[in-house]
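S.K.: Prediction below, plus the sequence it came from.
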Amino acid sequence: QVQLVESGGGLVQPGGSLRLSCAASGFTFSRYGMRWYRQGSGKERELVAAITNTGGSTNYADSVKGRFTISRDNAKNTLYLQMNNLKPEDTAVYYCYTLRAGVNYWGQGTQVTVSS
């Protein structure tokens, strides 16, 4: 049974940092690309960052380039999102995601709130 469990969200002031984690289980993590998405209140879910199975290639939304870093530790079956210089517009629920055997898998999400 595939499980994705996010953690690390919280309340942070503008300019601050957070690191999100996504613990994966129930599948061979090292074989699959992973993504982070986010969904702000009243907004559509949007892709934030993606990483290949080996971690050798990454992609970012223009809105987070230079501030966010996606990474993974295949030995720990864990995906990360380091978020620096956070802005109020980064406020959202953040989800990790993978596609396996044609099925979409989502975590339950972790809330990130950027406010002074």
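M.R.: Sure thing, it's come through.
S.K.: Val48: neighbour count?
M.R.: Here the neighbour count serves as a burial measure; for Val48 (other Cβ atoms under 10 Å) it reads 25. C-beta coordinates here come from the backbone N, C-alpha and C atoms, glycine included.
S.K.: for the record, mean pLDDT for the helix or strand harbouring it?
M.R.: Counting by DSSP states H and E, the element that carries Val48 is strand 46-51. Throughout strand 46-51, pLDDT has a mean value of 98.
S.K.: Can you list the strands that it pairs with?
M.R.: Each strand paired with strand 46-51, and its direction, by DSSP bridges: strand 34-39 (antiparallel), strand 58-60 (antiparallel).
S.K.: highest average neighbour count across those?
M.R.: For the strands paired with strand 46-51, the stretch with the most neighbours on average is strand 34-39, a mean of 22; neighbours defined as mean count of other Cβ atoms under 10 Å.
S.K.: Reformat the strands paired with strand 46-51 into CSV and put distance to Ala49 and mean pLDDT next to each item.
M.R.: Output for those, formatted as CSV (distance: least, Cβ to Cβ, whole Å; pLDDT from 0 to 100):
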stretch, distance to Ala49, mean pLDDT
strand 34-39, 5, 98
strand 58-60, 5, 98
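S.K.: Dump those strands to a markdown table, plus distance to Thr110.
M.R.: Output for the strands paired with strand 46-51, formatted as a markdown table (distance: least, Cβ to Cβ, whole Å):
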| stretch | distance to Thr110 |
| --- | --- |
| strand 34-39 | 10 |
| strand 58-60 | 19 |
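S.K.: From Lys87, how far out is the closest residue to Gln13 other than its chain neighbours?
M.R.: Sequence neighbours aside, Ser116 is the residue nearest to Gln13 in space, at 5.4 Å (criterion: Cβ to Cβ, 6 or more residues apart in numbering). Taking Cβ to Cβ, to the nearest Å as the measure, Ser116 falls 11 Å from Lys87.
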